[in-house]
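In: sequence plus the predicted model coming up.
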Amino acid sequence: MTERIESTPEWAVVRSLVKSVDLSAEFASDSQRAEHFTLRLGDLLIDTSKNLWTREIRSALGEVARRADVAGAWRRLRGGEIVNESEGRSVAHWALRVPVGSPAVVAGLDVASDVHDVLHAITQFADDVRSGRLAGATGQRFTDVVNIGIGGSDLGPAMAYDALRAFRSGPRCHFVSNVDPANTRAALDGLDPARTLVIVSSKTFTTTETMANAVAVREWIVESLGASAVAAHFAAVTTNTRATASFGVDPAKVFGFWNWVGGRYSLGSAIGLSLAIAVGPVSFGEMLAGMHLVDEHVSQSVDQPLANAPLVHALLAVWYSNFLGAETRAIVPYSHDLRRFPSYLQQLDMESNGKSVDRAGRAIAVPTGPIVWGGPGTDGQHAYFQLLHQGTHLVPVDFIGFARPTDGDQERHDALMANLFAQSQALAFGRAVDSSLPSAEHRVFAGNRPSTLILAPALTPSVLGQLIALYEHSVFFQGAVWGINSFDQWGVELGKDVAHGIGQELVDGRHHVSDPATRRLIEWYRSHRHRSVE
Ligand code: F6P
């Protein structure tokens, strides 16, 4: 049985280095600190110098990575081995972005041509929708696309659709995820069924929320255009291609992917169809190329932990979670277009590393994945930043920013970025206050609060791909250090099972639920569910 990383001498060395690192003193004594702690990866500049670590701590963490054999874990993943053991699957989102001509061996088979066939089919379909060659049942061109999906079948396309706003040139996209009918109503509000294409995106094609929403939107189409319009107005993206026929989707509009693509890693697959329609196949391809660039960087530097940007990012997360007691990590993009990125990363990180047993099923004695949260700057400065500056919690922050706006107004963009740099500086170095001032103790900023800066020239499709893959691999490396299977999500299943029983009781009133607390709530709910809003 493999050792637990927290019982190794390398882990003990890091523990022995836990001390309070004073950022002002570190910068004062090391004029090269900023440069030394900055990594470059493709278009990304990643400055880790304002973190509560030293060269010695970083090296010791690198040794932890070696001891945990994260390089071996990466080679197994990249070699297409079955690394998601609890579901018996390989994990190969990297294969979705290999260039034409490169092999992608997954579970012993080269899947590269399958990947490119699907990519070709998406490209063709996206072009046909964009050009109007493919029209609705009445012959009108599609002006709107509704993507119905949840979790990884929603968060990626919805995030990227916003992020690449400046690159959109096709129909508008709308995203329906929540089974709350308000979501569908809001998304369909103002849309013309005759000009709306609906994409049902679901890896399994069984997810309750997605299927209920798909049925509701199908009714909306049928009411207005008749049942025969379903074939013209629906497309589907799924690994369960057989299930789409009974729903009424034209087989020519079904795009497959594979069980070796996890939901939260699926944006580069056919799940990105709505995005490809909105921004066009060229931009979609550039995003994939950006992801591939990071995959290659990781493969090339996997034996040099401190040169491997996603691994360094991961080691910081391990340092804060396991040695400094931080429970959360804030993601703050200074970019309105990237405002959904924190939610996207929430699923990526928390569904992957929210685990308390390791691959062998043993309890893990140290904290694993942090709670990921955040929102765009500068809005956050006028909301939760007070706690970051003067609260009692240690919250490492990732600031993400760009040198140029993707469209227009460099002047206001300068104001935005001035705020990003100011926040990172203020958190790190604080501000002393003249003690004779009234309420002086309330005005003190102690500083020494950590942040990482991730900068790029502009938020292009390629840069978005690079950012996504940076975090994907950081999450993977954190999981590899902790010995976790980062690719299953059994925790999500319990809620689905329980909701099923409760759903029946809400409707028929017969007792399917055993616990008295929930039963009382259901009684209250049933007594109110037919009353009109007072
Ligand atoms: O929330 C659990 C989950 O399985 C996610 O991992 C996945 O992204 C989401 O549900 C949606 O699943 P599907 O694409 O099969 O509808």
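Out: In hand now; what should we look at?

In: the strands in the stretch 1-150 of the chain, which residues?
Out: Here the stretch 1-150 of the chain has its strands, by DSSP state E, counting those that start in this stretch, at 38-41, 44-47, 105-106, 109-110, 144-148.

In: Ser283: what secondary structure?
Out: Secondary structure assignment for Ser283 (DSSP: H, G, I helix; E, B strand; the rest coil): helix.

In: quick one: closest of the strands of the stretch 1-150 of the chain to Arg529.
Out: Comparing the strands of the stretch 1-150 of the chain by their distance to Arg529 (CB to CB), the top pick is strand 144-148, with 25.1 Å. Placement of C-beta: from N, CA and C, glycine included.

In: please see if that closest one touches the ligand.
Out: No - residues of strand 144-148 are not located near the ligand by CB under 6 Å from any ligand atom, the shortest gap being 9.5 Å.

In: got the CA coordinates for whichever helix or strand comes after that strand in CSV?
Out: Note on strand 144-148: by DSSP states H and E, the next helix or strand toward the C-terminus is helix 155-163. Presented in CSV, the C-alpha positions along helix 155-163 are these (Å, rounded to 0.1, in the frame of the first residue of the first chain):
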residue,chain,number,x,y,z
LEU,A,155,-20.9,26.2,-16.5
GLY,A,156,-18.1,25.9,-19.1
PRO,A,157,-20.1,27.1,-22.2
ALA,A,158,-21.9,29.8,-20.2
MET,A,159,-18.6,31.1,-18.7
ALA,A,160,-16.8,31.0,-22.0
TYR,A,161,-19.7,32.7,-23.9
ASP,A,162,-19.4,35.7,-21.5
ALA,A,163,-15.6,35.6,-21.5
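
In: one step back: just the strands of the stretch 1-150 of the chain: most buried one?
Out: Burial of the strands of the stretch 1-150 of the chain is given as mean neighbour count (mean count of other CB atoms under 10 Å); strand 144-148 ranks first at a mean of 26.

In: tell me the angle that strand makes with helix 155-163.
Out: 150 degrees (axes from the mean of the first three to the mean of the last three CA atoms, to 10 degrees).

In: neighbouring strands - and their directions - for strand 144-148?
Out: Strand pairing for strand 144-148, using DSSP bridges, gives strand 172-176 (parallel), strand 196-201 (parallel).

In: to the ligand, which of those strands lies closest?
Out: With CB to the nearest ligand atom as the measure, strand 196-201 is the member of these nearest the ligand (6.7 Å).

In: in the chain, which residue sits closest to the ligand?
Out: Closest point on the chain to the ligand, by CB to the nearest ligand atom, is Gly263, at 2.4 Å.

In: what sits against Ser321?
Out: 327, 366-370 (CB atoms under 8 Å, 6 or more residues apart in numbering).

In: same question, Ser356
Out: Going by CB under 8 Å, 6+ apart, the list of residues near Ser356 reads 363-364, 368.

In: picking that back up, I'd like the distance between the residue of the chain closest to the ligand and Gly256.
Out: The spacing between Gly263 and Gly256, counted by CB to CB, to the nearest Å, is 15 Å.

In: now stretch 366-378: buried residues?
Out: Of all the residues in stretch 366-378, those buried under the rule 16 or more other CB atoms under 10 Å are 368-370, 372-378.

In: what about stretch 265-281, start to end distance?
Out: 19 Å (CA to CA, to the nearest Å).

In: likewise for stretch 225-242?
Out: Span of stretch 225-242 from end to end, CA to CA: 25 Å.

In: so which bits of it are buried?
Out: 225, 229-230, 232-239, 241.

In: thinking again about what came up before, got the contact list for the residue nearest to the residue of the chain closest to the ligand when sequence neighbours are not counted?
Out: Using CB to CB, 6 or more residues apart in numbering and skipping residues adjacent in sequence, the residue nearest Gly263 is Gly152, 2.8 Å away. Neighbour list for Gly152: 203, 262-267, 271, 347 [criterion: CB under 8 Å, 6+ apart].

In: check Arg40 too.
Out: Contacts of Arg40 (CB under 8 Å, 6+ apart): 46, 309.

In: over to Gly465?
Out: 97, 268, 286-294.

In: tell me which helix or strand it sits in.
Out: helix 461-482.

In: identify each buried residue in the helix or strand that that helix is followed by, please.
Out: For helix 461-482, the succeeding helix or strand toward the C-terminus, using DSSP H and E, is helix 490-508. For helix 490-508, burial by neighbour count (16+ other CB under 10 Å) applies to 502, 505.
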